[in-house]
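*Asks:* Task: produce atomic coordinates for the following.
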Amino acid sequence: MGLAVITVKATETPAGTGDAPQGWRALVRSSEIGIVVLACVVGVLAGLVVLAMSFTTQLLHEVIFGLPLGQRLSIATTIPPWRAIVGPVLGGLAIGCASWLFFRRRKQPIDPIEANALHGGRMSLRDSVFVALQTMGSSGAGASVGLEAGYTQAASGLASHIGRRLRLRRADMRLMVGCAAGGAIGAAFDAPLTGAFYAFELILGSYSIAAFVPVMAATFMATVTHSVLAPALLAVEVPPIGLITMANLPLVVLLGATCGLVGIVVMRAAAFVEAGFRRSRIPTWLRPAFGGLLVGVLAIWNPSVFSAGHGAINLYLGIDASLGLFALVLVAKALASSVSIGSGFRGGLFFASLLLGVLTGRLFIGLLTLAFPNLAGHETLFALVGMSSLAVSIVGGPMTMTLLALEMTGDLKLTLAVVGAAGAASLVTRRLFGFSFATWRFHLRGESIRGAHDVGWMRDLTAGSMMRLEVPKIAADATIAEARLKYPPGSTNYLVAVGPGGAYAGMVPPGALYEPDPALDEEAAAEPAPRTVRHLLRNPDRMLLADMSVRDTLKLFEAAESEALPVVADRDSRRLVGILSEAHAIKRYSDEVSRRNRELTGE
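*Replies:* Down below sits the predicted model:
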């Protein structure tokens, strides 16, 4: 065994990388224990990333807005109006200029969901670090965005970089990205189960026994690392919830559906604002400053619109205020978040959706109580249910948000109520909208990503990668006699006719060369010109492109009802480059599905 390992190191280690990474790779690939150990390392790094980013952002709040040490920005009442305006505007200007300089010749960064769905967990560490800096700068300047996008981006980018250094397999790379993102969320909320299911539902796109231990190990290590060094980022002080009865459940489900509608409005508003900025003549680098100006103006009225709103969640969970205030803060926070995202600030809506959900829950039960004075329902219960439900609508992950409520309160009955509301919110959002906020933004960019399920391998498995280069072909203007001479019975299963320059003309069933055709025989008797292959062409307009995915390839086979189709360089030239049979495409697809199922189950 030792000799085998030494041999692998000698033959596979790239020059300059050393033996240590290859030794790690051998351990990770050969042992489940190795995967768990690596997941623990990734979890510790994720906890440190969250700690560094949250500390830096709080420091920016204190410096830019003149806050006392440790005070939350969203509940600060002593911010001078000029600071409330200047901070977001100058911060937006800095973010806009930095983003323009960094991305003017680079593609937009790949986030963990897109990386796992399309790229096998491969992310750029440089891009991820820059996104983390953008997120800290945006939230630190007061933009109404959360840090969760930066947490998961930085931690996942680091895990992906480690995976590339160790040259991990695609499935292991995706798993490490999920461990890092889940660890970051677990550390941020002091909620390891929430982080684990964030990884399963939103980053990996599935739950499997093989992934359970590594993901849980990563989220526990991240949470412990952050807890040892600093308190939880979102330390929610939950007031008494009151008695939860069966009579509350229909109202809870109705609140979930309402939160689904509110979530759709918020997501569409962000897209609408972003489209408005794109249509405007405002330069890209200047747009965040305009967004910061509006956020600052709203914050002069109420600082709850600032940043993610950690402190405001505690405030509005227990505050005794009018329904008008809840409604105004809800609209202002939704507007500030939409403008911040749409104008070009970097960040997410996870934390913001929690505050919006608290406000929606308080407003919901308040309006019902006005209409039905005898209605039994505790305000805190509906605030917490609204918090989780609206986050389900915007972020996705019903179990993630359900476990967040459980770990936040320790109340199992509340958790059961949240399950019903989360299901209603998820159903309404999927049926009426079809996307979470992250996948909606992918949709706006032209990507058909519905989640983190690994569909990238189907794009990698293309017609060009499966085709045969040796193509039995014949000139379309060759006579039947010439074709019979070149291809005797049984010599080939398919035959491709080509025109001038090797352009695809159509498929020729080999058996058709030897079938009698009375109509053509009569025509040949009346006309001395011999029959050509062109008389036998099938599917002249059905052709595969080299970059066509296996899914699209199989759809074209079904439509053409042909056992084989040509692969051409492009539709304009129709230049023949190979041929692919339906049987071979199905076999390659089935083999790849089986292999990936084995990787998921650990068999």
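
*Asks:* Okay, helices next: where are they in the stretch 1-150 of the chain?
*Replies:* For the stretch 1-150 of the chain, the helices defined by DSSP state H, counting those that start in this stretch occupy 2-12, 19-30, 32-65, 81-103, 112-118, 125-140, 148-166.

*Asks:* check which helix or strand covers the closest residue in space to residue 191 that isn't next to it in sequence.
*Replies:* Spatially, and ignoring its direct neighbours in sequence, residue 191 is nearest to residue 407 (4.0 Å; C-beta to C-beta, 6 or more residues apart in numbering). In this view, the C-beta of every residue, glycine as well, is placed from N, C-alpha and C. Counting by DSSP states H and E, the element that carries residue 407 is helix 398-409.

*Asks:* Straight-line length of stretch 571-587, end to end?
*Replies:* End-to-end span of stretch 571-587 (C-alpha to C-alpha, to the nearest Å): 26 Å.

*Asks:* Return the set of buried residues in it.
*Replies:* Residues of stretch 571-587 classed as buried by neighbour count (16 or more other C-beta atoms under 10 Å): 574, 576, 577, 578, 579, 580, 581, 582, 585.

*Asks:* any idea which of these is closest to residue 469?
*Replies:* Sorting the buried residues of stretch 571-587 by distance to residue 469 puts residue 578 at the head of the list, at 5.3 Å, by C-beta to C-beta.

*Asks:* For that closest one, give me the backbone phi and psi.
*Replies:* phi 180, psi -180 (degrees, to the nearest 10).

*Asks:* Could you check the pLDDT of it?
*Replies:* On pLDDT, residue 578 comes in at 90.

*Asks:* how many neighbours does the closest residue in space to it that isn't next to it in sequence have?
*Replies:* Nearest non-adjacent residue to residue 578, counting by C-beta to C-beta, 6+ apart: residue 467, 3.4 Å away. Other residues within reach of residue 467, judged by other C-beta atoms under 10 Å, total 21.

*Asks:* picking up where we left off before, so can I have CSV of the buried residues of stretch 571-587 showing secondary structure?
*Replies:* Output for the buried residues of stretch 571-587, formatted as CSV (DSSP: H, G, I helix; E, B strand; the rest coil):
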residue, secondary structure
574, coil
576, strand
577, strand
578, strand
579, strand
580, strand
581, strand
582, helix
585, helix
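
*Asks:* which one of those is nearest residue 490?
*Replies:* Among the buried residues of stretch 571-587, and counting by C-beta to C-beta, the member closest to residue 490 is residue 581, at 16.6 Å.

*Asks:* just checking, that closest one touches residue 494?
*Replies:* Yes - with contact defined as C-beta atoms under 8 Å, residue 581 and residue 494 form a contacting pair (7.2 Å).

*Asks:* overlap in contacts of the two?
*Replies:* Common contacts of residue 581 and residue 494, defined by C-beta atoms under 8 Å, 6 or more residues apart in numbering, comprise 563, 564.

*Asks:* average pLDDT for stretch 464-483?
*Replies:* 87.

*Asks:* do you know how far residue 254 is from residue 415?
*Replies:* 18 Å (C-beta to C-beta, to the nearest Å).

*Asks:* more crowded one of these two?
*Replies:* residue 415 (19 against 15).

*Asks:* The more buried one contacts residue 407, correct?
*Replies:* No - the pair residue 415 / residue 407 is not scored as a contact, 9.4 Å apart, by C-beta under 8 Å.

*Asks:* How about residue 86: what's its closest non-neighbour residue?
*Replies:* Leaving out its chain neighbours, the residue that sits closest to residue 86 by C-beta to C-beta, 6+ apart is residue 296, at 7.6 Å.

*Asks:* residues in contact with the residue nearest to residue 191?
*Replies:* 189, 190, 191, 192, 193, 194.

*Asks:* go with 6 Å
*Replies:* 191, 193, 194 (C-beta atoms under 6 Å, 6 or more residues apart in numbering).

*Asks:* before we move on, back to that, these two touch, right, the residue nearest to residue 578 and residue 577?
*Replies:* No - at 7.4 Å, residue 467 and residue 577 do not qualify as touching, with contact defined as C-beta atoms under 6 Å.
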